[in-house]
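K.L.:
Okay, sequence plus prediction incoming.
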Amino acid sequence: MTRVSRCIETCLRIAAVLVATEVAWPQTTDLVAVVSKPISRTIELPGECQPFQSVAIHANVRGYVQRVLVDRGSTVKRGQLLAELTAPEMKAQIAEAESKVQAAEADRVQAEAQLAAAQSTSDRLKKAAETSGAIAGNELVQAQQQVEAAEALVQSKRGAIRSAEASVRAQKDLESYLRITAPFAGVITERLVHPGALVGPGDDRALLVVQEVARLRLVVALPEEDVGGIVRGAKVEFHVPAYPERTYTGTVARVSHALDQKTRTMAVELDVLNRDGSLSPGMYPSVKWPVRQSHAGLSVPKTSVVTTTERTFVIRDRNGRAEWVDVKKGPPADDQIEVSGNLQAGDLVVRRATDEIREGDPLKPR
């Protein structure tokens with residue numbers, strides 16, 4: 001047997017012994033520490049843009065549409081005239097109410113003249129009564145009662161005047177409703193009537209729809225598990241399909257504090273300034289919602305978690321040997337992932353773990 005043959009035979013015997021005794025050689029691996037920190041991540045949520053204010057304008061009095069000064073898409077200011085109605089019978093009602101005021105005024109003048117006459121008669125009788133026996137006492141009493149009755153009549157006529165004047169003011173207030181004005185600055189999104197249409201109370205049909213679009217409400221349905229991280233005043237980015245290259249920003253302003261029983265979500269409103277008018281009510285943006293946890297969690301690199309058909313685990317360095325530790329995965333955040341299990345902050349785990357690193361195998365940190 002040659003020397004080479006004897007060397008090969010010796011090597012084969014040594015390999016057989018090593019396999020039989022299952023000698024494991026230390027594996028050189030990268031180890032990282034388990035970190036305890038609040039996990040912040042971003043999730044994509046659908047939202048809906050709504051006008052900050054929206055109102056359907058109806059007619060407060062019955063009349064015919066005389067003219068409409070705006071149309072769909074018109075930009076209006078607060079108090080701007082939008083439409084005018086005409087109601088001929090209303091002018092007649094105002095004239096009738098004013099004539100009642102004049103009649104009541106004439107009645108008041110007559111009552112005041114009667115009061116003056118009664119007062120004059122009473123004064124003369126009082127003067128004559130200074131002479132003993134000239135005037136009977138009963139006549140003085142009757143004269144005073146006539147004065148009091150005349151004063152009551154004057155007060156009644158004055159009250160009638162005030163009532164008639166109030167009726168005139170009410171009729172003129174109704175007449176002012178013939179002029180339809182904008183309740184706030186915005187855009188006309190619907191025009192539903194044209195000149196000649198009969199409108200008024202009891203008619204469900206609106207004349208116009210005005211929406212405030214310079215400022216919008218962005219409503220986001222937040223999942224129940226993420227409502228604990230809502231921060232009022234936080235800035236949130238979103239995109240819309242119409243302008244995918246642009247990034248918009250909204251501010252968390254209002255929280256409903258109630259969950260939808262069907263979807264288990266909570267409505268959160270963001271205020272969005274729409275200075276250039278590129279956003280419109282009804283758009284469905286994609287919102288990059290920042291999720292913040294109030295408590296600290298344990299996180300490891302995503303590559304440290306091994307998932308098999310039987311278990312999910314990380315490989316911890318226990319006195320230089322591999323130890324499989326079962327964990328449950330939480331939400332990811334960048335290249336990290338939250339885990340829960342028999343781990344503590346500061347434990348060293350294998351950065352790139354696989355199930356080929358068996359339980360108890362020696363580890364050699366790189």
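P.N.:
Received, thanks.
K.L.:
all helices of the stretch 51-200 of the chain, in order?
P.N.:
88-128, 137-176 (DSSP state H, counting those that start in this stretch).
K.L.:
how about low-confidence regions in the protein?
P.N.:
Along the chain, segments meeting pLDDT under 70 span 1-27, 39-40, 125, 128-137, 140, 293-295.
K.L.:
Can you tell me how far the spatially most central residue of it is from residue 165?
P.N.:
Closest residue to the average C-alpha location of the chain: residue 269 at 4.5 Å, with C-alpha atoms, centre = their mean. Going from residue 269 to residue 165 by C-beta to C-beta, to the nearest Å gives 48 Å. No exception for glycine: its C-beta is placed from N, CA and C like everyone else's.
K.L.:
Residue 228: which of the helices of the stretch 51-200 of the chain is closest?
P.N.:
helix 137-176 (52.0 Å; C-beta to C-beta).
K.L.:
Show me what the closest one is packed against.
P.N.:
Counting contacts by 3 or more C-beta pairs under 8 Å, 6 or more residues apart in numbering; DSSP states H and E, helix 137-176 packs against helix 88-128.
K.L.:
by contact count, what packs against the helix it packs on?
P.N.:
Looks like helix 88-128 contacts helix 137-176 (3+ C-beta pairs under 8 Å, 6+ apart).
K.L.:
Check which residues of the helix it packs on are buried.
P.N.:
143, 146-147, 150-151, 153-154, 157-158, 160-161, 164-165, 167-168, 171, 174-175 (16 or more other C-beta atoms under 10 Å).
K.L.:
For the closest residue to residue 122 other than its chain neighbours, list the residues it contacts.
P.N.:
Spatial nearest neighbour of residue 122, excluding adjacent residues (C-beta to C-beta, 6 or more residues apart in numbering): residue 143 at 4.0 Å. Residue 143 makes contact with 118, 121, 122, 125, 126, according to C-beta atoms under 8 Å, 6 or more residues apart in numbering.
K.L.:
Please report how far the second one lies from residue 110.
P.N.:
Spelled out, that is residue 121. 17 Å.
K.L.:
ok, back up a step: need the helices of the stretch 51-200 of the chain in TSV (columns: distance to residue 47).
P.N.:
As requested, these are exported to TSV (distance: least, C-beta to C-beta, whole Å):
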stretch	distance to residue 47
helix 88-128	47
helix 137-176	41
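K.L.:
and residue 358, that one's in a strand?
P.N.:
No: going by DSSP: H, G, I helix; E, B strand; the rest coil, the assignment for residue 358 is coil, not a strand.
K.L.:
roughly how far apart are the closest residue to it other than its chain neighbours and residue 32?
P.N.:
Closest residue to residue 358 apart from its sequence neighbours, by C-beta to C-beta, 6+ apart: residue 322 at 6.8 Å. Separation of residue 322 from residue 32 (C-beta to C-beta): 15 Å.
K.L.:
Would you mind telling me which of those two has more residues around it?
P.N.:
residue 322 (21 against 15; other C-beta atoms under 10 Å).
K.L.:
check which helix or strand covers that one.
P.N.:
Here residue 322, judged by DSSP states H and E, is contained in strand 321-333.
K.L.:
Could you do residue 309 as well?
P.N.:
Per DSSP H and E, there is no helix or strand for residue 309.
K.L.:
how many other residues sit next to it?
P.N.:
4.
K.L.:
Ok, the one 5 residues further on next?
P.N.:
With neighbours defined by other C-beta under 10 Å, the count for residue 314 comes to 22.
K.L.:
Need the phi and psi values for the residue nearest to it when sequence neighbours are not counted.
P.N.:
In space, and not counting its chain neighbours, residue 314 is closest to residue 349: 4.7 Å by C-beta to C-beta, 6+ apart. Main-chain torsions, residue 349, degrees, to the nearest 10: phi -130, psi 160.
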